[in-house]
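**Student:** got a sequence here, can you build the structure:
(one chain, ligands or ions: 2)
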Amino acid sequence: MDNFTYCTPTRYLFGKDTENQAGKMTAEMGCKNIMLVYGHGSVVRSGLLDRVKKSLDQANITYTELSGIDPNPTDDRVYEGIEIVRQKNIDGFLAVGGGSVIDTAKAIALGVPYDGDFWDFYSGKANANTATALPVGVVLTIPAAGSEGSGNSVITRKEGLHKISLRTDFTLRPKFAILNPELTFTLPQSQTVAGIADMMAHIMERYFTPTTDVEVTDRISEGILKAIIEEAPKVIARPDDYQARANIMWAGTMAHNGICGCGRVEDWVSHAMEHEISAVYGVTHGAGLAVVFPAWLTFMANHASAKPAQFARRVFGVNNHDDKSAALEGITALRGFFLSLGLPVTFGMLGIETPDIDLLVKKLHENKGEIIGGYYRLTQADTYEIYKMMLNGDI
Ligand code: NZQ
Ligand code: ZN
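**Tutor:** Residues are numbered from 1 along each chain as shown. Ligands and ions are numbered 1, 2, ... in the order given. Just a heads-up that it's a prediction; the model follows:
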């Protein structure tokens, strides 16, 4: 096990009616005049936005709305937000929605006190860990990206379609996150299952590590994965199953708030490969991951099969003593699970008939470096091979 520091300072309010505490929590994070950020209207249709506004009014908090944030959010809305916040002396954010909304709020929060272009943080020109950001609170409506507990923000620069994940230790961790599973009843099935693939990927990116003797962190990860696999069919069968939704929601937060990474090197190649796909083709991030992860794992079954074999045995109960064979059986089980939820496992199923793999590989290595990956170091030839595997799902 490696040395580590673990601190997840976000205050989580979990359960029914917790959104009614949004005003009180916003006041407690020291804000009086905030930006209320949301997406394309799901929170309006569900009545959630009205309840949040009422709660803000009761706490005497004024707000300016920034709405219509797109999935896979882009830099133009961040620049727009920074200007409004500066003009109106806004002192914090309440993001009501999913990862796209939260990440936009985080990017604005970081950009406002900074003298230069906020993109400097995403391009690596400026260090966000030593920067200051305005405080961000969250009312989560979709368990998926895990941004409600992470220090990360993922934004796409429209020029050149660069989708970059900015990772900070603390700067961008939300001050509080309100998690009411009932708010997820209205999710379309396609978003529910994409969220499930995303949270599983967040755990697996940390699970596949070259670090040995991380038994506790391994077992925490395997336990959450097994719980997700058990609860997922229940939310598909009955979208208003409160207990199943509650388990999935908490799993999504635990998957990405750092607990599954303690004491080890993490991988993150599957995310990097997917970010290129969603940047270029605009697909849902979690659906893209359902295509990428089994392909990446297949490459690993051929090159570094020990951990994929452990994953297969412990998460899917595979009983095979040969590592490579066990790993391949685990991949079949993982792909079968994704398919059972209605997730895609090939480019074609994702709606991309003729992907430009040369472009994806070029952008991937431009953004992430010549050789990438924490579990196994991958060259351009390797990532090309992995993208090719996604064409037919014969993995
Ligand atoms: O825009 P509205 O109308 O709100 O609709 C949204 C959107 O279309 C809808 N939705 C959300 N909650 C709903 C709902 N519809 C009905 N009922 C509800 N309760 O769902 C759609 C997707 O929303 P989005 O915020 O895009 O989803 P998600 O949370 O999956 O976020 C995806 C973004 O997060 C990034 C992804 O790359 C992508 O850009 N990620 C962020 C991470 C982070 N900050 O730590 C890590 C992740 O790995 C990920 O990369
Ligand atoms: Zn993700």
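
**Student:** please count neighbours and contacts with C-alpha atoms only from this point.
**Tutor:** OK.

**Student:** can you confirm M204 is in a helix?
**Tutor:** Yes: judged by DSSP: H, G, I helix; E, B strand; the rest coil, M204 forms part of a helix.

**Student:** find the nearest non-adjacent residue to whichever residue of the stretch 251-395 of the chain sits closest to ligand 1, please.
**Tutor:** Of all residues in the stretch 251-395 of the chain, H285 sits closest to ligand 1, at 5.3 Å by Cα to the nearest ligand atom. In this structure, H285 finds its nearest non-sequential neighbour in S278, 6.1 Å apart by Cα to Cα, 6 or more residues apart in numbering.

**Student:** what about that neighbour, how many residues close to it?
**Tutor:** Residues lying near S278 (other Cα atoms under 10 Å) number 21.

**Student:** over to R238?
**Tutor:** By the measure other Cα under 10 Å, the count of residues near R238 is 12.

**Student:** where's it relative to A131, distance?
**Tutor:** Look at R238 and A131: by Cα to Cα, to the nearest Å, they are 44 Å apart.

**Student:** shaky segments in this protein?
**Tutor:** Confidence mapping of the chain against pLDDT under 70 gives the ranges 393-395.

**Student:** for the stretch 51-200 of the chain, what spans make up the strands?
**Tutor:** 62-66, 92-97, 136-140, 152-157, 162-167, 176-179 (DSSP state E, counting those that start in this stretch).

**Student:** compare those and give me the one nearest ligand 1.
**Tutor:** Ranking those by proximity to ligand 1 (Cα to the nearest ligand atom) places strand 152-157 first, at 4.0 Å.

**Student:** just the angle for that closest one relative to strand 162-167, thanks.
**Tutor:** Relative orientation of strand 152-157 versus strand 162-167 (axes from the mean of the first three to the mean of the last three Cα atoms, to 10 degrees): 160 degrees.

**Student:** ok, residues contacting strand 152-157?
**Tutor:** Contact with strand 152-157 is made by 72-76, 100, 102-104, 106-107, 147, 162-168, 172-173, 279, as judged by Cα atoms under 8 Å, 6 or more residues apart in numbering.

**Student:** out of these, which are close to ligand 1?
**Tutor:** Among the contacts of strand 152-157, the residues within reach of ligand 1 (Cα under 6 Å from any ligand atom) are 72-73, 100, 103, 147.

**Student:** put the alpha carbons of stretch 376-383 into CSV.
**Tutor:** Coordinates of the C-alpha atoms in stretch 376-383 are reproduced here as CSV (Å, rounded to 0.1, in the frame of the first residue of the first chain):
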residue,chain,number,x,y,z
TYR,A,376,-0.4,-0.6,-17.7
ARG,A,377,1.5,1.9,-19.9
LEU,A,378,-0.1,2.2,-23.3
THR,A,379,1.4,3.6,-26.6
GLN,A,380,-0.5,5.0,-29.5
ALA,A,381,-0.4,1.6,-31.2
ASP,A,382,-2.0,0.1,-28.0
THR,A,383,-4.8,2.6,-27.8
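
**Student:** could you pull out the helices in the stretch 51-200 of the chain for me?
**Tutor:** 75-87, 99-111, 119-123, 189-207 (DSSP state H, counting those that start in this stretch).

**Student:** right, so the ones you listed: which one is the most enclosed?
**Tutor:** Comparing the helices of the stretch 51-200 of the chain by mean neighbour count (mean count of other Cα atoms under 10 Å), helix 99-111 comes out on top with a mean of 28.

**Student:** and it, how far out from the chain middle?
**Tutor:** 13 Å (Cα atoms, centre = their mean, to the nearest Å).

**Student:** next: stretch 144-153.
**Tutor:** Taking mean C-alpha positions (Cα atoms, centre = their mean), stretch 144-153 and its chain are 6 Å apart.

**Student:** what does stretch 87-104 give?
**Tutor:** Using Cα atoms, centre = their mean, the offset of stretch 87-104 from its chain centre is 17 Å.

**Student:** thought V101 was touching G39?
**Tutor:** Yes: if you go by Cα atoms under 8 Å, V101 and G39 touch, sitting 6.2 Å apart.
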